[in-house]
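> Show me the folded form of this:
(one chain, ligands or ions: 1)
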Amino acid sequence: MSENIAVLGLGLMGSALVGSLLAAGHRVTVWNRTPAKADPLVAEGATRADTPAQAVAAGSLVIACLLDYPSTHQVLEGTPLEGRVVANLTTGRPSEARETASWVTGRGAGYLDGGIMAVPQMIAKPGALILYSGSRTAFDRYEPALAAMAEPRFTGDDPGLAPLLDLAMLTGMYGQIAGFLEAAALVRSAGYPLGEFTASLLVPWLEAMAAQQPAWAAKIESGDHSTEVSNLEINRAGVENLVRAFHEQGVKPDLLLPLKGVIDRRAARGLAHEGLSGLVEEL
Ligand code: NDP
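Numbers count the residues shown, from 1 in each chain. Okay, the predicted model is just below:
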């Protein structure tokens, strides 16, 4: 079904979202603070609005993709929202999403918060995912239209949930990047070809390790941190050894040291017999 959709914010991501909605045959009205960014989208079939209110008046689904929540509030302030569904795909914190949800619903609109797990080039392609939370009714009503941008996944009624899961996924990503950078510095210190190490050794190893994570999650959910794999004492010695090796190679273990700190803290509580999953209790 073709929908009337307003999109506020035509940065790199907002423009990609509009392109996917137009390609799926929706009628899209666009607004951007810097009007010239609408030009290529108007050429593709979007309608230009001179104000956010004009855009919102033309769309029953209002997608916001702006810098941050304060700019979203600025743009929506004073704009009649009655009867609309606002899907806010701006990145932010759970508390901001909850506050924006009550502000928007208080003005007679449905609210969905969204976390975009993709870069603009991935939009409308396999692998792109957008997490949603908030009004299930609004999600069900617009799911087919949302699917034009990326796989839409509803995560729960709490509007803060999609941004929280978005941040959790980014946390996993930054942890992996931190591990890669430390490994790269160590490998480089020995003059070994980094590309070869990464492709033939590190990536397969990380993939094998990632496959263990659902089992770790089950351990954490059960609260049982016993292990038949390797206990904290062994890992403490292992990380201690790593840190010493780094120093000997003239490399700073800065990204590794926080992990060592948490292991030491857990072991100091007399819990060195547990597995690494127990570290979550220290956070
Ligand atoms: P851009 O910097 O390309 O665009 C920012 C947009 O916000 C522009 O439309 C800009 O308008 C607008 N804006 C900024 N401040 C204001 C303001 N005070 N009032 C009105 N409009 C304002 O960023 P992206 O498009 O890349 O990102 C947009 C959102 O999407 C962000 O929340 C980002 O975290 C999220 N996101 C982006 C991803 C990416 O890979 N790019 C990935 C996942 C999420 P103007 O053109 O006038 O400057």
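
> Show me the strands in the chain, by range?
Here the chain has its strands, by DSSP state E, at 4-8, 27-31, 47-48, 61-64, 85-88, 110-117, 129-134, 151-154.

> strands paired with the shortest one, and their directions?
The reference is to strand 47-48. According to DSSP bridges, strand 47-48 forms sheet pairs with strand 27-31 (parallel).

> Show me what the partner strand is in contact with.
Outside strand 27-31, the residues that touch it by CB atoms under 8 Å, 6 or more residues apart in numbering are 2-8, 10, 18, 21-22, 38, 41-42, 45-52, 54-55, 58-59, 75. The way it works is simple: take the backbone N, C-alpha and C, and place the C-beta from them, glycine included.

> And the residue nearest the centre of this structure?
Compute the mean C-alpha point of the chain, and by CA atoms, centre = their mean the closest residue is D166, 2.9 Å away.

> so it touches L131, yeah?
Yes: using CB atoms under 8 Å, D166 is in contact with L131, at 5.9 Å.

> Report the set of residues contacting both of these two.
Overlap of the contact sets of D166 and L131 (by CB under 8 Å, 6+ apart) consists of 115, 117.

> Farthest out from the centre of this protein, which residue is that? Tell me.
E248 (37.2 Å).

> Could I get the contacting residues of it?
Contacts of E248 by CB under 8 Å, 6+ apart: none found.

> gap between it and S60?
Distance of E248 to S60, computed by CB to CB, to the nearest Å: 64 Å.

> Next, the buried residues of stretch 221-239.
For stretch 221-239, burial by neighbour count (16 or more other CB atoms under 10 Å) applies to 225, 227, 231-232, 235-236, 239.

> let me redo that: stretch 28-42
In stretch 28-42, the ones that count as buried by 16+ other CB under 10 Å are 28-32, 37-38, 41.

> Over to stretch 131-145?
Those buried within stretch 131-145 under the rule 16+ other CB under 10 Å are 131-135, 138-139, 141-142, 145.

> just these now: which is nearest the ligand?
L131 (10.9 Å; CB to the nearest ligand atom).

> Quickly list what that closest one is bridged to.
Using DSSP bridges, the bridge partners assigned to L131 are G115, R153.

> Single out the residue in the protein that lies closest to the ligand.
For the chain, CB to the nearest ligand atom, closest residue to the ligand: G11, 1.8 Å.

> Now tell me what touches stretch 234-244 from outside.
By CB under 8 Å, 6+ apart, stretch 234-244 touches 253, 256-257, 259-260, 263-264, 267, 272, 276.

> For L255, give me its contacts.
By CB under 8 Å, 6+ apart, the neighbours of L255 are 178-179, 181-182.

> Same check on E151?
By CB under 8 Å, 6+ apart, the contact list for E151 reads 128-130.

> Show me how to select, in ChimeraX, the buried members of those residues.
Buried subset of the contacts of E151, written as a ChimeraX selection, criterion 16+ other CB under 10 Å:
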select :128,130
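
> Next to the ligand, which bits of the stretch 101-250 of the chain? Give me the list.
116, 119-120 (CB under 6 Å from any ligand atom).

> Please repeat the previous calculation with a cut-off of 5 Å.
Contact residues, the stretch 101-250 of the chain versus the ligand (CB under 5 Å from any ligand atom): 116, 119.

> residues touching G14, list them.
Counted by CB under 8 Å, 6+ apart, G14 has contacts 7-8, 32, 63, 65-66.

> any idea how far the nearest residue to M1 once chain neighbours are set aside is from R153?
With CB to CB, 6 or more residues apart in numbering as the criterion, M1 has its nearest non-adjacent residue at 6.5 Å, and that residue is P144. As judged by CB to CB, P144 and R153 stand 14 Å apart.

> how about the helix ranked longest in the chain: buried residues?
Using DSSP state H, we find that the single longest helix of the chain is helix 161-189. For helix 161-189, the buried set under the neighbour-count rule, 16+ other CB under 10 Å, comprises 161-166, 179, 182-183, 185-187.

> And for stretch 244-252?
In terms of neighbour count (16+ other CB under 10 Å), stretch 244-252 has its buried residues at 246, 251.

> let's have the chain start at 25 instead
Understood, numbering begins at 25; the last thing we discussed is stretch 268-276.

> Does stretch 68-82 reach the ligand?
No: Stretch 68-82 is not in contact with the ligand by CB under 5 Å from any ligand atom; minimum separation 8.5 Å.

> Perfect, I'm done here.
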